[in-house]
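>>> Okay, sequence plus prediction incoming.
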Amino acid sequence: MHPLLKKKGFILDIDGVVGRSVEPIEEGVRGVLKLIEAGKRVVFVSNNSTRSRRILLERIKSFGIPASERDIISATHATASFIAREKNGARVFTTGEEGLKEELLNAGLKLVDYEEADYLVVGSNRNLDYELMTKALRCCLRGVRYVATNPDKIFPSENGPTPGTGLIIGALYWMTGRKPDVIVGKPSKVIMLEALRRLGLRAEDVVVVGDQIEVDVVAGKRIGASTLLVLTGVAKKEDLEKASTKPDYVLPSLESLFYS
């Protein structure tokens, strides 16, 4: 039996571990089902900043994984909750898509244009254009509270790597010299501590599983959990040599836990 199977809980990334956008990673899905069958507590933590929990739940269920909305912690929901705790009813300008806007509105926040905003919320947008970047730039220059859903540079899709939220964060930094005041998604502790609360477990009893060293592995290390890097997403074996942070374990897929 693999040593990690002695742990009680698993914090699983979605994209790159169990799916690539709407396409399931079959060995990842089988791995999740085996964990559930073995009685492990499982939560899915996603840095996806274009999808609400509702949409992510539909996707996970379409893969054949039994889950509820409580089993999903998305960067969109965690960002909205974080801002609502700081300033209930805050006025927000966001670069994000409808999934992020849905979660912001669900948290009682107000979506406004950049001139009226208390917060700039940066999330990915596959329809990003010059006008939206101009508004984000001006909002950033106004000095309002700047929150990023996640720091991902690259996002895995069914057709290959695509730009992550880092596309916008990097552009704003190059133009203004400002970095986000807060990053909610992995590797930030903000979203990871919420995952531990949801599991009801201590970090030493948990495994963090992901496909990106700088995002998932670093997130796991920051909370003191064991880390497993799977090679079904962004990271490749050759990336390990130059990585400053090393995962505790590396496997071809999540399912490989049961054959190691």
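Yep, that arrived.

>>> Against M133, how distant is P3?
As judged by Cβ to Cβ, to the nearest Å, P3 and M133 stand 47 Å apart. C-beta here means a position set from N, CA and C on the backbone, and glycine is covered the same way.

>>> tell me the helices in the stretch 101-250 of the chain, going along the chain?
For the stretch 101-250 of the chain, applying DSSP state H, counting those that start in this stretch gives helices covering 130-141, 166-176, 189-199, 218-223, 239-242.

>>> how about the second one: buried residues?
Buried residues in helix 166-176, counting neighbours by 16 or more other Cβ atoms under 10 Å, are found at 166-169, 171-172.

>>> Which of the helices of the stretch 101-250 of the chain has the highest mean neighbour count?
helix 218-223 (a mean of 21; mean count of other Cβ atoms under 10 Å).

>>> from the chain's centre, how far out does that one sit?
Distance of helix 218-223 from the chain centroid (Cα atoms, centre = their mean, to the nearest Å) equals 13 Å.

>>> what helices or strands is that helix leaning on?
Helix 218-223 is packed against helix 189-199, strand 206-210, strand 226-230, with contacts defined by 3 or more Cβ pairs under 8 Å, 6 or more residues apart in numbering; DSSP states H and E.

>>> Roughly how far does Y259 sit from D118?
51 Å.

>>> likewise R51?
25 Å.

>>> which of the two has more neighbours?
R51 (27 against 17; other Cβ atoms under 10 Å).

>>> three-state assignment of that one?
coil (DSSP: H, G, I helix; E, B strand; the rest coil).

>>> Please apply the same query to the one 4 residues further on.
The three-state assignment at I55 reads helix, by three-state DSSP.

>>> still on that earlier bit, can I get the helices of the stretch 101-250 of the chain in TSV including mean pLDDT and distance to G64?
Shown next, in TSV, are the helices of the stretch 101-250 of the chain (pLDDT from 0 to 100; distance: least, Cβ to Cβ, whole Å):
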stretch	mean pLDDT	distance to G64
helix 130-141	98	36
helix 166-176	97	31
helix 189-199	93	22
helix 218-223	97	26
helix 239-242	90	30
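
>>> need those in CSV with distance to V45, can you?
Shown next, in CSV, are the helices of the stretch 101-250 of the chain (distance: least, Cβ to Cβ, whole Å):
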stretch, distance to V45
helix 130-141, 26
helix 166-176, 18
helix 189-199, 5
helix 218-223, 8
helix 239-242, 21
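
>>> Go through those helices and name the closest to I25.
helix 239-242 (18.3 Å; Cβ to Cβ).

>>> tell me the pLDDT at the spatially closest residue to I14 that is not a sequence neighbour?
Take I14 and drop its neighbours on the chain: the residue closest to it by Cβ to Cβ, 6 or more residues apart in numbering is S46, 4.5 Å away. For S46, the pLDDT comes out at 92.

>>> How much space separates S46 from L56?
Taking Cβ to Cβ, one finds S46 at 6 Å from L56.

>>> now swap in R20 and tell me
Separation of R20 from L56 (Cβ to Cβ) stands at 14 Å.

>>> out of these two, which sits in the more crowded spot?
More crowded of R20 and L56, by other Cβ under 10 Å: L56, with 25 against 21.

>>> which residues does that one contact?
14, 44, 46, 48, 72, 74 (Cβ atoms under 8 Å, 6 or more residues apart in numbering).

>>> Give the phi and psi angles for the second one, as a check.
Here is the backbone geometry of F44 (degrees, to the nearest 10): phi -100, psi 120.

>>> give the contact list for the residue nearest the centre of the chain.
For the chain, the residue nearest the mean C-alpha position is N47 (1.4 Å; Cα atoms, centre = their mean). Counting by Cβ under 8 Å, 6+ apart, N47 makes contact with 13, 15, 75, 149-150, 152, 164-165, 185-186, 215.
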